[in-house]
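**Student:** my questions are about this predicted structure, shown below with the sequence.
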Amino acid sequence: MGDSLSASLTMELSIGQQFEIERFSRAIDATADPEDLKAIAKQLLQAWHAQKAATNWVIGQQLGVTPGRTEPPLI
């Protein structure tokens, strides 16, 4: 991640979230087995898409958009 993007994301995260990111980053750095790294990457991908879906749902609720709409995703 670029320094400016990282800095802007850090401003939006709580101290607890920043510590969690650091803890997981260190765990990833300590993982030498490629299969373990693949499993971690897949978990992160699933979590990222679940978060995107949840964010879109919340935005849709706030805008009064019904599920199954034909417009492109908000994110």
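**Tutor:** Nice, I can see it. Numbering: from 1, shown residues only.
**Student:** closest to the centroid, which residue in the chain?
**Tutor:** residue 48 (3.9 Å; Cα atoms, centre = their mean).
**Student:** for residue 55, see how far away it is.
**Tutor:** 11 Å (Cβ to Cβ, to the nearest Å). Where you see a C-beta, it was placed from the backbone N, CA and C, and this is true even at glycine.
**Student:** could you identify the helix or strand that succeeds the helix or strand of the chain with the lowest mean pLDDT?
**Tutor:** Using mean pLDDT, DSSP states H and E, helix 3-12 stands out as the lowest-scoring helix or strand of the chain, at a mean of 58. Sequence-wise, the next helix or strand downstream of helix 3-12 (DSSP states H and E) is helix 15-30.
**Student:** just checking, next helix/strand downstream of that following helix?
**Tutor:** helix 34-63.
**Student:** could you give me the buried positions within that following helix?
**Tutor:** With burial defined by 16 or more other Cβ atoms under 10 Å, the residues of helix 34-63 counted as buried are residue 60.
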